[in-house]
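**Q** Need coordinates for the following:
(2 chains)
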2 protein chains.
Amino acid sequence: MKDAAAPLAAPSPADSAALETGFVKGLLRQIRAHDATGVWDQKPDTALLAPYVLSREQRRQIPVIANPDAKVLWRLEQFYDAVALAISEEAGVIATPMIRLSHEGYGRVVVLAGMLVVLSRQLRDVHRFGFDSLTHLAAEGEGLVAAGVDAVKRFPDVATA
Amino acid sequence: MKDAAAPLAAPSPADSAALETGFVKGLLRQIRAHDATGVWDQKPDTALLAPYVLSREQRRQIPVIANPDAKVLWRLEQFYDAVALAISEEAGVIATPMIRLSHEGYGRVVVLAGMLVVLSRQLRDVHRFGFDSLTHLAAEGEGLVAAGVDAVKRFPDVATA
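**A** I've put the predicted structure just below:
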């Protein structure tokens, strides 16, 4: 909410480059698709992505006890939904994410296409899910998408089985 | 709890046959492994499995609103853990289950081995998870195991990738 009140600086050149990546564009489409009332139309992309960027210090201040915050879980889901969507588009398959978390913020995320596990990652400290910068967010997302697309290329018949 | 108080009849011939199936034996091993204090040592197998058996009428009486009961979720997890374990033993792979449920009792369960989705099922009305009889429980379990083993045979290199 404070993002809306604070004057927003123009994105830095690094952030601008990150915003131009296919992954971040997809993530923004994904996030904006949830804006049924149009109140986010006024919000610049950087404001919508701001909660994804946490400094090391900010992360450290978030306690990792009890259930992760519902908003963090929502951001985590949007992130992996965007990963699955980008894999679907690039590899021409139907890829869906599945996240399983314990109450302590540990867990596993997989992206499945047909009978293929195109991506599988352990999750930990989900309470602190975030990235050092938009550049880092873009690089992580693009890396996951590339790994998923490679997996589909390796076993194309399984991904469509 | 009422099982412990009520006098238990000897299992019917049909139940005895179900108790002899590999799947039900595995499920019982799985359930008994959680008995850290040994109080279930006195309990016959049929008593431990009794909560899995629900008549159509009993099922209908369970409301499907709000979150499914924690005990139902535990039984669901034990069931699919047993399925994954039996697939692992029969197919010689490491298969793990992953369950994703909405708060309304809808969801999906998959069993994964390596990069292979060996089993994928939609779940619904999880609140009412149960079987008409032990015979039905055994048949369902064995059917899922057989389907999983077939999937591994179809893509053995993916299951160990």
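
**Q** Now do the buried residues in stretch A:73-81.
**A** A:73, A:75-76, A:78-81 (16 or more other CB atoms under 10 Å in any protein chain shown). C-betas here are computed from N, CA, C, even on glycine.

**Q** ok, now stretch A:40-50?
**A** A:43, A:45-46, A:48-50.

**Q** now stretch A:94-110
**A** So, applying 16+ other CB under 10 Å, buried residues of stretch A:94-110: A:95-101, A:105, A:107-110.

**Q** What of stretch A:139-159?
**A** A:141-142, A:144-145, A:147-149, A:151-152, A:155-156, A:158-159.

**Q** just these that are near chain B?
**A** The subset of the buried residues of stretch A:139-159 within reach of chain B, counting by CB under 8 Å from any CB of the partner chain, consists of A:151, A:155, A:158.

**Q** Could you export these as TSV, including secondary structure, pLDDT and distance to residue B:37?
**A** Shown next, in TSV, are those (DSSP: H, G, I helix; E, B strand; the rest coil; pLDDT from 0 to 100; distance: CB to CB, whole Å):
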residue	secondary structure	pLDDT	distance to residue B:37
A:151	helix	98	44
A:155	coil	98	46
A:158	helix	98	44
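
**Q** Can you say which helix or strand has residue A:83 in it?
**A** Under the criterion of DSSP states H and E, residue A:83 resides in helix A:70-91.

**Q** which helices and strands does that helix pack with?
**A** Applying 3 or more CB pairs under 8 Å, 6 or more residues apart in numbering or on different chains; DSSP states H and E, one finds that helix A:70-91 contacts helix A:22-32, strand A:95-101, strand A:107-113, strand A:116-123, helix A:134-154.

**Q** what is the rounded mean pLDDT of that helix?
**A** For helix A:70-91, the mean per-residue pLDDT is 95.

**Q** swap in stretch A:122-134?
**A** 94.

**Q** which other residues reach that stretch?
**A** A:11, A:14-15, A:18-19, A:24, A:46, A:49, A:51-56, A:58-60, A:62-64, A:68-69, A:72-73, A:75-76, A:79, A:99, A:101, A:105-109, A:137, A:140 (CB atoms under 8 Å, 6 or more residues apart in numbering or on different chains).

**Q** May I see the buried residues of it?
**A** Across stretch A:122-134, burial judged by 16+ other CB under 10 Å covers A:123, A:126-131, A:133-134.

**Q** can you list the weak-confidence ranges in chain A?
**A** By pLDDT under 70, the weakly predicted segments of chain A are A:1-9.

**Q** Residues of it that sit close to chain B?
**A** Checking chain A against chain B by CB under 8 Å from any CB, the hits are A:98-100, A:108, A:110, A:112, A:114-118, A:120, A:151, A:154-155, A:158, A:161.

**Q** Please repeat the previous calculation with a cut-off of 10 Å.
**A** A:96-101, A:107-110, A:112-120, A:151, A:154-155, A:157-159, A:161 (CB under 10 Å from any CB of the partner chain).

**Q** any idea how far the closest residue in space to residue A:69 that isn't next to it in sequence lies from residue A:148?
**A** The spatial neighbour of residue A:69 that comes closest, neighbours along the chain excluded (CB to CB, 6 or more residues apart in numbering or on different chains), is residue A:127 at 6.9 Å. Going from residue A:127 to residue A:148 by CB to CB, to the nearest Å gives 25 Å.

**Q** List the contacts of the most centrally placed residue in chain A.
**A** By CA atoms, centre = their mean, chain A has its centre lying nearest to residue A:79, at 1.8 Å. With contact taken as CB atoms under 10 Å, 6 or more residues apart in numbering or on different chains, residue A:79 is in contact with A:23, A:27, A:30-31, A:52, A:97, A:109, A:129, A:131, A:137, A:140-141, A:144.

**Q** Tell me, how many residues neighbour residue A:59?
**A** 16 (other CB atoms under 10 Å in any protein chain shown).
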